[in-house]
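>>> Let's see this in three dimensions:
(chains A and B)
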Amino acid sequence: MTAVAVPATRARARVVRPALVRLGTSVLVLWGAVTVAFAGLHLTPGNVVDLLIGSSTVTPEVRARIIADYGLDRPLPAQYAAYLGRVLHGDLGQSYQLHQSVASAIGEQVGSSVQLMLASFALAVVVSVTVAVLTAGRRWARAVFSAIELIGISIPSFWAGILLLTVFSFGLGIFPATGGDGPESLVLPSVAMAIPVIAMLTQVLREGLELTLEEPFVLTARSRGMSDLGVRLRHALRHALLPTVTLAGWLVSFLFGGAVIIESVFSRQGIGRLTLAAVGNKDLPVVMGVVLIASLLYVVINILLDLLYLAIDPRLRGA
Amino acid sequence: MTTSTLAAPAVVVGRGRRRRAPRAGVWAAAAFLLAVTVIAVAPGLVAHGSPDLTDAVAALRPPGGGHPLGTDANGRDMFTRIVYGTRPSVLAGLAATAIAVTGGTLVGLLAALGGRVLDEVAMRLVDILLSLPGLLLALLVIAIVGPGTLNAVFAIAAYTLPGYARLVRAQTMVIRRSGYVEAAVSLGLTRAGIITRHVLPNAFAPLLVVATIEVGTALVAASSLSFLGLGPKPPAPEWGAMLSAGRDYFSVAWWVAVFPGLAITLTVLSVTVVGRHLQRRVEGRLS
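Take a look at the predicted model:
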């Protein structure tokens, strides 16, 4: 009986422990982000109260009220503990400038940015999977597309956006130049944002595909009479997907940074523009709120990817 | 934990099956970078006249005639401005990378050689910083210290530093267990002597390669911040700032939108091509 039980426990330990380690690290990352945000606020040159008051003039009584409300008269560790507690309850604080809570300011803008991010991500996945599957291991197609990808990686996304605007809005008048809520206003921004993602993803996918296409099981599939495209789609693609998962962190980071730039170029609503305006106004709680949400998303996506790994690669399940 | 959150996504690519890049492309890129360097050092060699010379009569002239790349809304010659914009634009990327490499090397060495506690603390900090979006971190830094050329450079350095720290630490960990360091120890070399004479030079090659490629990324980041109005202020002839200042005229003057961006893209492209070539050579030598 013990002979059976031992491997079972060991197997469970092998699955459970990395999951716990990952969870612990995730908590650490979030805690670190909160700490960075808090440090950011208190490292600001100038008095926090003055920042809160901004350009308006107030009586000493009001000033004292603000200090008391924000707990700015308490020692720093107490303030830190209070801040941690509030963030844990989902309270990101009040915007200095917008006269509303950070959470509601972000909440109002997040939909538009999520649309943009999802649209460009979907576009990037479709295009790069297609290009990678069609060009992997094919000499000429590969050389041509590698050069295009190199340009795609090097081009700053704000300039890609400007070029798209110049050609398709100002030149041909096909798409609206600014703002708008309709689906046609989403096209150019998501293309601009997707360009670097397509370039990165295609490169990594193609390398994975080319490595996989040399595997013996591919030869087996071919000798069964499977078509080349069938081999690539049914056998090689799944293997090639694994290395792309390491891009996830870069992707989250890129999409958030990209939102700031692309929303500015196309004058779109969204958390990117909210962040940029907040940076200009020294509205730190808003900037910190966005940083915190981005790091939360990073953690959640990494946990989801761990689960996705199990789905893509059955070898990990029994291990 | 094996999350490979490399600050530099370019590092992920290029492993596995390797094809030699076309030599001509690498040479062309290197030649372009040489030209960029010369122009950055001595812009007066290529462009005559001042980049700030305005001419209300010649506003928004298309390319041609006395203005090969046209003029902007103030009638300033685009070509002259792009030439004079080379130095600040390239310097921002170089400076941010230099600061990040220096800082990252110090942190990485400290983590690798300073004992377990220091290592744990430094590396967890690096993990945290690497998991926050880079540009957002830069914006946070700018929200704190305010906009400006120098602040933008520091903001970029701040978020790229952790990647170098991780790289230097990993390299140092490998090198300190190597035979030649053991030999140096048994020969009685001092700790400082071993670090400067053995550890640093050997950790340097891979670091330099990554840094080369990352100069391109830093350049894009710097010009993005300028475009967002957080770097050099608009009258300055800097590529990102020029695009920012020209925003209202893109609909009527395509040349205002195209050429400064082309300068950025060609420079970054050349840096990437040369950097990846170096990367393949170094990896080829190490493996």
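>>> in the stretch 51-200 of chain A, what residue is nearest chain B?
residue A:159 (3.4 Å; CB to the nearest CB). Any C-beta I mention is one placed from the backbone N, CA and C, and that applies to glycine too.
>>> How many residues are close by that residue?
Other residues near residue A:159 number 27, with proximity taken as other CB atoms under 10 Å in any protein chain shown.
>>> check which helix or strand covers it.
helix A:157-164 (DSSP states H and E).
>>> Summarise which helices and strands that helix is packed against.
Under the contact criterion of 3 or more CB pairs under 8 Å, 6 or more residues apart in numbering or on different chains; DSSP states H and E, helix A:157-164 touches helix A:184-212, helix A:248-265, helix B:200-227, helix B:239-245, helix B:254-286.
>>> Which positions in the stretch 101-250 of chain B make contact with chain A?
Applying CB under 8 Å from any CB of the partner chain, we find that the stretch 101-250 of chain B lies next to chain A at B:124-125, B:127-137, B:139-140, B:142-147, B:216, B:220, B:223-224, B:227-230, B:240, B:243, B:250.
>>> Apply 7 Å and report the result again.
Taking CB under 7 Å from any CB of the partner chain, the part of the stretch 101-250 of chain B that reaches chain A is made up of B:124, B:127-128, B:131-136, B:139-140, B:142-144, B:216, B:220, B:223-224, B:227-228, B:230, B:243, B:250.
>>> show me the contacts for the residue most central in space within chain A.
In chain A, the centroid-proximal residue (CA atoms, centre = their mean) is residue A:252; its distance is 1.6 Å. Counting by CB atoms under 7 Å, 6 or more residues apart in numbering or on different chains, residue A:252 makes contact with A:294, A:297, A:298, A:301, B:133.
>>> quick check: mean pLDDT across the helix holding residue A:159?
Mean per-residue pLDDT for helix A:157-164: 91.
>>> Identify all contacting residues around that helix.
Residues contacting helix A:157-164 (CB under 7 Å, 6+ apart): A:188-189, A:191-193, A:195-196, A:258, A:261-262, A:265-266, B:224, B:227, B:243, B:250, B:257, B:261, B:264-265.
>>> Alpha carbons of it, as PDB, please.
Output in PDB follows, covering the C-alpha atoms of helix A:157-164 (Å, rounded to 0.1, in the frame of the first residue of the first chain):
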ATOM      1  CA  SER A 157       4.400  52.600 -32.300                       C
ATOM      2  CA  PHE A 158       3.600  56.300 -32.100                       C
ATOM      3  CA  TRP A 159       5.200  56.800 -35.600                       C
ATOM      4  CA  ALA A 160       3.400  53.700 -36.900                       C
ATOM      5  CA  GLY A 161       0.200  55.300 -35.700                       C
ATOM      6  CA  ILE A 162       1.100  58.700 -37.300                       C
ATOM      7  CA  LEU A 163       1.900  57.000 -40.600                       C
ATOM      8  CA  LEU A 164      -1.500  55.100 -40.600                       C
END
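>>> Distance from the chain centre to that helix, please.
20 Å (CA atoms, centre = their mean, to the nearest Å).
>>> before we move on, what about stretch B:277-287?
Distance of stretch B:277-287 from the chain centroid (CA atoms, centre = their mean) equals 20 Å.
>>> any residue of it up close to chain A?
No: judged by CB under 7 Å from any CB, stretch B:277-287 and chain A are separated, with a smallest distance of 11.7 Å.
>>> Work out which residue lies at the spatial centre of chain B.
residue B:215 (2.0 Å).
>>> which residues touch that one?
B:93, B:94, B:97, B:271.
>>> try it again with 6 Å
Residue B:215 makes contact with B:93, B:97, B:271, according to CB atoms under 6 Å, 6 or more residues apart in numbering or on different chains.
>>> Now tabulate those in CSV and tack on neighbour count and pLDDT.
Formatted as CSV, these follow (neighbours: other CB atoms under 10 Å in any protein chain shown; pLDDT from 0 to 100):
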residue, neighbour count, pLDDT
B:93, 25, 93
B:97, 27, 96
B:271, 26, 94
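>>> about what we covered before: for the residue nearest to the centre of chain A, give me the pLDDT.
The predicted local confidence for residue A:252 is 83.
>>> Check residue A:55 too.
Note on residue A:55: pLDDT of 58.
>>> show me where pLDDT drops low in the stretch 151-300 of chain A?
For the stretch 151-300 of chain A, the stretches with pLDDT under 70 are A:177-181.
>>> Get me the contact residues on it for chain B.
A:154-156, A:158-159, A:162, A:166, A:170, A:200, A:203, A:207, A:210-211, A:246, A:249-250, A:253, A:256-257, A:261, A:264, A:279, A:282, A:284, A:287, A:291, A:294-295, A:298 (CB under 6 Å from any CB of the partner chain).
>>> From the residues you listed, list the buried ones, please.
Among these, those buried by neighbour count (16 or more other CB atoms under 10 Å in any protein chain shown) are A:154-156, A:158-159, A:162, A:166, A:200, A:203, A:207, A:210-211, A:246, A:249-250, A:253, A:256-257, A:261, A:264, A:279, A:282, A:284, A:287, A:291, A:294-295, A:298.
>>> how about low-confidence regions in the stretch 1-150 of chain A?
In the stretch 1-150 of chain A, residues with pLDDT under 70: A:1-19, A:22, A:41, A:43-48, A:51-58, A:69-70.
>>> mind checking which helix or strand residue 24 is in?
All of this refers to chain A. With DSSP H and E as criterion, residue A:24 is part of helix A:2-43.
>>> think we crossed wires, I meant chain B
helix B:23-41.
>>> Can I get that helix as CSV, trimmed to CA atoms?
Coordinates of each C-alpha in helix B:23-41 appear next as CSV, following Å, rounded to 0.1, in the frame of the first residue of the first chain:
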residue,chain,number,x,y,z
ARG,B,23,26.3,40.2,-44.7
ALA,B,24,25.2,43.2,-46.9
GLY,B,25,22.5,44.1,-44.4
VAL,B,26,24.8,44.1,-41.5
TRP,B,27,27.3,46.2,-43.4
ALA,B,28,24.7,48.7,-44.5
ALA,B,29,23.4,49.0,-40.9
ALA,B,30,26.9,49.5,-39.6
ALA,B,31,27.6,52.2,-42.3
PHE,B,32,24.4,53.9,-41.4
LEU,B,33,25.3,53.9,-37.7
LEU,B,34,28.7,55.4,-38.5
ALA,B,35,27.0,58.1,-40.5
VAL,B,36,24.6,58.8,-37.6
THR,B,37,27.6,59.0,-35.2
VAL,B,38,29.4,61.5,-37.5
ILE,B,39,26.3,63.6,-37.9
ALA,B,40,25.7,63.5,-34.1
VAL,B,41,29.2,64.7,-33.4
